[in-house]
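# let me see the structure of the following:
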Amino acid sequence: MKQGQLIKTSNVLKADATIKFLLNRPKLEMVGLGLIYGKPGLGKTTYANRMAFSNGYIYIRLEATTTPKSFAVQLLTSLYRRYHLGEYIPVGTANNLFKACLQVLEDHEDTIIVIDEIDYAFRLPQLLGAIRDIVDETLTVVILVGMQNAKDKLNMINEYYFDRCNSFCEFSSLTKSDIKAIATQVMEVKVSPEMVEIIYHQCAGNLRKAIKIMHMLETAILKQPDLPLSQINFRAVL
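Okay, here's the model as predicted:
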């Protein structure tokens with residue numbers, strides 16, 4: 001299978017439109033904060049990572065152990081690398097490190113930051129506040145990426161914060177057209193309508209499952225070109 005592809009599925013097109021909206025907003029009137037959210041396995045992290053890498057955006061993935069200070073360290077380190085500001089080992093208090101981040105962002109108004117697994121920040125008011133300060137005090141665009149209930153949680157935690165989000169994008173289950181587009185571009189065997197139907201019904205709209213099924217199909221076909229697709233047992237990968 002071909003790897004590293006970012007296929008223009010319906011979810012990707014919606015997410016691209018979300019980012020485009022924030023980039024073209026009236027910057028002095030609207031902050032650049034957006035949220036991409038949806039159920040697990042729909043490709044949110046894959047999209048966020050590959051989109052950020054291909055466009056030179058800052059990509060930060062939060063973890064269960066992330067603290068306001070570790071976030072500031074990671075962000076400042078990423079900014080120094082992105083803008084070739086020299087070798088720098090961030091030291092100091094969380095507040096001072098964050099102020100240094102704001103200074104770099106003020107000097108680079110076109111910065112776009114993608115923060116994945118934003119759900120981990122919902123238990124850390126200081127971290128959420130730091131992210132809010134970035135969009136309030138600079139012209140930076142910040143794209144948050146979270147789970148299916150991220151939008152509701154954000155609203156429950158802080159209505160003011162929720163109102164700062166100027167664009168929302170919910171990832172939905174894959175359509176049959178999405179499956180066909182992905183299979184055609186990543187599989188190294190000819191994709192038949194029968195294969196598309198099998199993948200679509202077996203994956204139940206889940207991208208992660210769809211990729212596993214495509215890999216299994218491709219492997220089976222390459223080993224036994226005449227093997228009927230109906231004889232392949234997909235339970236091994238689902």
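# list the helices and strands the lowest-mean-pLDDT helix or strand in the chain packs on?
In the chain, no helix or strand scores lower on mean pLDDT, DSSP states H and E than helix 159-164, which sits at a mean of 77. With contacts defined as 3 or more Cβ pairs under 8 Å, 6 or more residues apart in numbering; DSSP states H and E, helix 159-164 has these neighbours: helix 125-137, helix 150-157. Any C-beta I mention is one placed from the backbone N, CA and C, and that applies to glycine too.
# which of those helices has the lowest mean pLDDT?
Mean pLDDT values for these show the minimum at helix 150-157, a mean of 85.
# in that helix, which residues are buried?
Of all the residues in helix 150-157, those buried under the rule 16 or more other Cβ atoms under 10 Å are 150, 151, 153, 154.
# run a quick neighbour tally on the closest residue in space to residue 134 that isn't next to it in sequence.
Counting by Cβ to Cβ, 6 or more residues apart in numbering, residue 140 is the residue found nearest to residue 134 once chain neighbours are left out, at 5.4 Å. Residues near residue 140, counting by other Cβ atoms under 10 Å, number 24.
# residue 84 now?
Counted with other Cβ under 10 Å, the neighbours of residue 84 add up to 6.
# and the pLDDT at it?
91.
# same check on residue 213?
At residue 213, pLDDT is 92.
# wait, it sits on residue 199?
Yes: taking Cβ atoms under 8 Å as the definition, residue 213 is a contact partner of residue 199 at 5.1 Å.
# and residue 100, that one's in a helix?
Yes: using DSSP: H, G, I helix; E, B strand; the rest coil, the assignment for residue 100 is a helix.
# mind checking how far it is from residue 204?
Distance of residue 100 to residue 204, given as Cβ to Cβ, to the nearest Å: 46 Å.
# look at those two and report which has more neighbours.
The residue with more neighbours, out of residue 100 and residue 204, is residue 100; 18 against 12, by other Cβ under 10 Å.
# report the contact partners of that one.
76, 90, 92 (Cβ atoms under 8 Å, 6 or more residues apart in numbering).
# on that earlier part again, distance to residue 82 added to the buried residues of helix 150-157, as a markdown table?
Shown next, in a markdown table, are these (distance: Cβ to Cβ, whole Å):
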| residue | distance to residue 82 |
| --- | --- |
| 150 | 26 |
| 151 | 29 |
| 153 | 29 |
| 154 | 27 |
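# do a quick rundown of the strands in this protein.
Shown for the chain, the strands assigned by DSSP state E span residues 32-38, 58-61, 112-116, 141-146, 165-171.
# tell me the most buried of those strands?
Comparing these by mean neighbour count (mean count of other Cβ atoms under 10 Å), strand 141-146 ranks first with a mean of 26.
# packing partners for it?
In terms of contacts (3+ Cβ pairs under 8 Å, 6+ apart), strand 141-146 is packed against helix 10-23, strand 32-38, helix 44-55, strand 112-116, helix 125-137.
# would CSV of the ones you listed with distance to residue 180 be doable?
Shown next, in CSV, are the helices and strands packed on strand 141-146 (distance: least, Cβ to Cβ, whole Å):
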stretch, distance to residue 180
helix 10-23, 12
strand 32-38, 21
helix 44-55, 18
strand 112-116, 28
helix 125-137, 38
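# any idea which of the ones you listed gets closest to residue 224?
Closest of the helices and strands packed on strand 141-146 to residue 224 is helix 44-55, at 30.0 Å (criterion: Cβ to Cβ).
# with just CA atoms, put stretch 160-167 into PDB.
Taking Å, rounded to 0.1, in the frame of the first residue of the first chain, the C-alpha atoms of stretch 160-167 are listed here in PDB:
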ATOM      1  CA  TYR A 160     -16.800  32.400  26.900                       C
ATOM      2  CA  TYR A 161     -14.100  30.100  25.600                       C
ATOM      3  CA  PHE A 162     -16.600  28.300  23.400                       C
ATOM      4  CA  ASP A 163     -17.800  31.600  21.900                       C
ATOM      5  CA  ARG A 164     -14.200  32.300  20.800                       C
ATOM      6  CA  CYS A 165     -14.300  29.400  18.400                       C
ATOM      7  CA  ASN A 166     -15.200  30.800  15.000                       C
ATOM      8  CA  SER A 167     -15.300  27.600  13.000                       C
END
